[in-house]
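Student: Mind folding the following:
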Amino acid sequence: MVRRRVAQRLRVNPFYSRLNKVLDEAGFDRFCEDSCGGFYHAKLGRPSLPPGLYFRIMMIGFLKGSTASAAIAWRLADSLTLRQFLSTGLDEATPDHVTISRTRRLIDGETHQLNLHLGAAATGRRTG
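Tutor: Numbers count the residues shown, from 1 in each chain. So this is what the prediction gives:
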């Protein structure tokens, strides 16, 4: 798995490493895929960001106190720790703000809340 290869090359941030473990154990990616299935066009497929990755990106924005897609995208591109959390290799591009914004508009507010509540529970934080 890409996440493990990146983790072996980088010093592991204990918070994000633990968060990934908790999310993996909770079946977060499958939960996100299942809850977002209705937002995919039957013939065109899903958006370029898999739902689990997208909601991890939204968690980063929440944890860092940023809601602007451009600010979140900048953090992703600039941080080795966040690349590791998202399983993005050093030679891979991180999602840009347009992709993040487009995906945000695609998924309704109720589904955002549902997925982010699960993520927030893993961090011990409240979403509202």
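
Student: For this protein, which segments count as helices?
Tutor: Remark: helices assigned in the chain by DSSP state H are 2-9, 14-25, 28-36, 51-64, 69-78, 80-85, 97-106, 109-123.

Student: how about TSV for those, with mean neighbour count, mean pLDDT and distance to Asp91 added?
Tutor: Any C-beta I mention is one placed from the backbone N, CA and C, and that applies to glycine too. Output for the helices of the chain, formatted as TSV (neighbours: other Cβ atoms under 10 Å; pLDDT from 0 to 100; distance: least, Cβ to Cβ, whole Å):
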stretch	mean neighbour count	mean pLDDT	distance to Asp91
helix 2-9	13	53	10
helix 14-25	15	90	20
helix 28-36	18	92	23
helix 51-64	21	92	17
helix 69-78	17	94	13
helix 80-85	19	91	10
helix 97-106	16	91	18
helix 109-123	16	81	27
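
Student: Just give the closest residue to the residue most central in space within the chain, not the sequence neighbours.
Tutor: Central residue of the chain (Cα atoms, centre = their mean): Arg56, 1.8 Å from the mean position. Counting by Cβ to Cβ, 6 or more residues apart in numbering, Arg56 lies nearest to Leu86, which is 5.7 Å off, once chain neighbours are set aside.
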